[in-house]
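[1] Provided below for reference: sequence and predicted model.
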Amino acid sequence: MPQQTATGMERPVELAEYNWQAHSVLVVDDEEGMRNFLERTLARRCGMVQAAADAEHAAELMARLHFDLLILDIALPGKSGIEWLHELREHGYTGDVILVTAFADMETAIDALRGGASDFILKPFRVDQILNSIKRCFERARLARENFVLRRELAGLAADPIGLVGHSPAIEQLRGLVRRVGQMPSTVLLLGESGTGKEVVARALHQTSPRAQRPFVPLNCAAISSELIESELFGHVKGAFTGATETRNGLFYYAHGGTLFLDEISELPLAMQTRLLRVLEERKLRPVGSEREVPVDVRIIAASNRDLAAEVRAGRFRQDLYYRLAVVDIRMPPLRERREDIPDLMRHFMQQLSVQLGVAPLPLSHEVVSRLAAYPWPGNVRELRNYVERSMILGSFPSEPVPGADVVPPPPAGELELSLAEVERRHIERVTEACGGNKTEAARRLGVSRKTLERKFAEWSEAALADTLERRA
C-alpha cells in the first residue's frame, strides 16, 4: 500500500530492483536507539553508512568522507539540524538531506524545505516511509547525472556518433573486437590517427557493455587547459581556487556507474597523469580543495592519436599509467586502409546531412568513388565527412577530393612516385599555404585538430634538423 511523508509525496515501496550499493549515507541523530536502528536498516542496502550524534561529529565525518545523502534530526544538541543545514548549503553541499523530527509545526517544515531539505518526515515513522524517501533522493541524483550527460551530448553533436559503418575486412575485425571487449570491465586504449572514429568505437564499446544503461561521458583532454583539467575531471569545492564561487561535481561523478571516455589522453600533463593513475588504482578521488575522498565506479576508455609507447620512451607519458590503460589496446584503421568503405560512409553521411541541411543527397557515381578512393585522406573519416558536407552545400562533388581544393593546385605528375607520407606532407603544406598560413583554417579544411597540424610541422622540422646535422657530420 502506498505510504505518505510529511511532504505529501506518495509512492509504493519498490526496493528490490534498485541498486543502492553505489550510495553513501550519513545518519545524524542524538537518540542512540534511532541512530542504531537507521544504521542497521541501511547498512544492508547502501554501500556505506556512518552515524553521528551531533553536527560537530557529523562535520568531522564529512570532512573525510563523501556522502550522497544526510538523514538529519532537527533537535540536535548544540546546533540544530536546520541551522546546520543552512550552513551546509551556504558552503556548497549539494547532496540530498532528509530532515526528521518528533516535534514540528508548519513553520518548521517550511523553514526546513526553504533551507534545502529534500524531504521532511515526522517521528515515529515506518521503515517503508524512510526507505521510500531515501529512494526518491537516490532517483533524483541518478536523474541529475543522466540529465547532465544528455546536455553534454546535445551540446556536442558535432562529434557525430555515426556507428561502425562499412564492410571492409578492417571494419569487420573491429566489430568483432567491440563485441568481445565491450562485455569486459577492463580499461581500453584506442590508438590511431585523428579522424578515424575513436569516439564512435568508444560509444560502441559502452553500448555493448553491461553499463549500457548508465552514462557515457566524453572528454577531449586537449580541449581543456592544464589549469582546469583536474577540476573538470574530479570537481571542486567552493573557494578551492579563484573563480570557484560554488561547489561543482566533476565528470567522474557524472559518469558514475557508466563509462568515461578520455580522448587525446596524451595531452594530459604529467602531474595530472599521476592523479589519474591513483584514481584508477584506488577507485577513489578527491575534488580540488577538498579533504574527503569520493568512491567512483567508472570504466575508462582512453584514446590517443600519438604512439603512446614512444611517448613513454620520450618521458612525456607515465609508463605505469600506459600499462594501466592498455589492458586492451585497439588500433583504429585509417581510411586509406579501408577504401572500400568510402561509398557506405558517403551514403551514411548524406542521409544524416540531408536532414540537417535540408537538401537531397547527391547521386554517387562510380567515377566519383574511384577518384575519392585514390586519395590518401590524411584527415580520415572526419575529412571525408567534411568533404561530403561541402559537396552537398555546393550541389555537386568537386573535381578534386579535398575540401578547399579549388584553391589548391593539383600535384605535379612527378609526385605520383612519392611515398604516401611525402604526399601527405606536401598536401598539408599546400593547404596551409592556400590558407595564408592560418593553421586553424588549414586544420578545419583537412579535418584534423590544430594540435595535430602543429605536431606534424614540428615532426618535419625535427626530421629536417636531424638530417642537416647528419650531413654535416
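    Yes, it's here. Residues are numbered from 1 along each chain as shown.
[2] Thought residue 191 was touching residue 328, still the case?
    No. Contact criterion Cβ atoms under 8 Å: residue 328 and residue 191 do not qualify, at 11.2 Å. For every residue, glycine as well, the C-beta is placed using N, CA and C.
[3] Which one's more surrounded, those two?
    Each of residue 328 and residue 191 has its neighbours counted (other Cβ atoms under 10 Å); residue 191 has more, 20 against 16.
[4] May I ask you to confirm that that one is in contact with residue 334?
    No. If you go by Cβ under 8 Å, residue 191 and residue 334 don't touch, sitting 11.5 Å apart.
[5] Just the local confidence number for the closest residue in space to residue 216 that isn't next to it in sequence, please.
    Nearest residue to residue 216 in three dimensions, chain neighbours excluded: residue 206, at 4.5 Å (Cβ to Cβ, 6 or more residues apart in numbering). pLDDT, residue 206: 92.
[6] Just give the number of residues close to residue 206.
    22.
[7] quick check: mean pLDDT across stretch 318-335?
    pLDDT averaged over stretch 318-335 gives 92.
[8] can you check stretch 98-105 too?
    Mean predicted confidence for stretch 98-105 is 79.
[9] Please apply the same query to stretch 438-456.
    Averaging pLDDT along stretch 438-456 gives 77.
[10] Near residue 126, how many other residues are there?
    The local packing of residue 126 (other Cβ under 10 Å) involves 11 other residues.
[11] Please apply the same query to the one 10 residues further on.
    One way to gauge burial is a neighbour count; for residue 136, by other Cβ under 10 Å, it gives 18.
[12] my read: it touches residue 121, true?
    No. In this structure, residue 136 is not within contact of residue 121 by Cβ under 8 Å, at 11.5 Å.
[13] low pLDDT regions in the stretch 101-250 of the chain?
    In the predicted model of the stretch 101-250 of the chain, residues 104-106, 109, 145-163 satisfy pLDDT under 70.
[14] What segments of it are helices?
    Ranges of helices in the stretch 101-250 of the chain, per DSSP state H, counting those that start in this stretch, are 106-114, 127-155, 169-182, 198-207, 229-234.
[15] out of those helices, which comes closest to residue 75?
    Proximity to residue 75 (Cβ to Cβ) singles out helix 106-114 among the helices of the stretch 101-250 of the chain, at 10.3 Å.
[16] which residues touch stretch 383-392?
    160, 195, 335, 342, 345-346, 349-350, 353-354, 357, 359, 361-362, 372, 377, 379, 397-398, 401-403, 444-448 (Cβ atoms under 8 Å, 6 or more residues apart in numbering).
[17] Kindly state the domain boundaries assigned to the chain.
    3-144, 156-333, 336-472 (automatic domain parsing).
[18] Next, format the helices of the stretch 101-250 of the chain as CSV and append distance to residue 100.
    Output for the helices of the stretch 101-250 of the chain, formatted as CSV (distance: least, Cβ to Cβ, whole Å):
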stretch, distance to residue 100
helix 106-114, 10
helix 127-155, 8
helix 169-182, 44
helix 198-207, 39
helix 229-234, 32
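[19] can you tell me which of these comes nearest to residue 366?
    That would be helix 169-182 among the helices of the stretch 101-250 of the chain, by Cβ to Cβ, at 21.3 Å.
[20] Could you check the angle the closest one makes with helix 198-207?
    Here helix 169-182 runs at an angle of 40 degrees relative to helix 198-207 (axes from the mean of the first three to the mean of the last three Cα atoms, to 10 degrees).
[21] thinking again about what came up before, in contact with the residue nearest to residue 216, which residues?
    Shown in contact with residue 206 (Cβ under 8 Å, 6+ apart): 182, 212, 216, 258-259, 261, 299, 301.
[22] Buried ones only from these, please, as a PyMOL command.
    Buried subset of those, written as a PyMOL selection, criterion 16 or more other Cβ atoms under 10 Å:
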select buried, resi 182+216+258+259+261+299+301
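[23] quick check, nearest of the contacts of residue 206 to residue 59?
    Of the contacts of residue 206, the one sitting nearest to residue 59 (Cβ to Cβ) turns out to be residue 258, at 31.4 Å.
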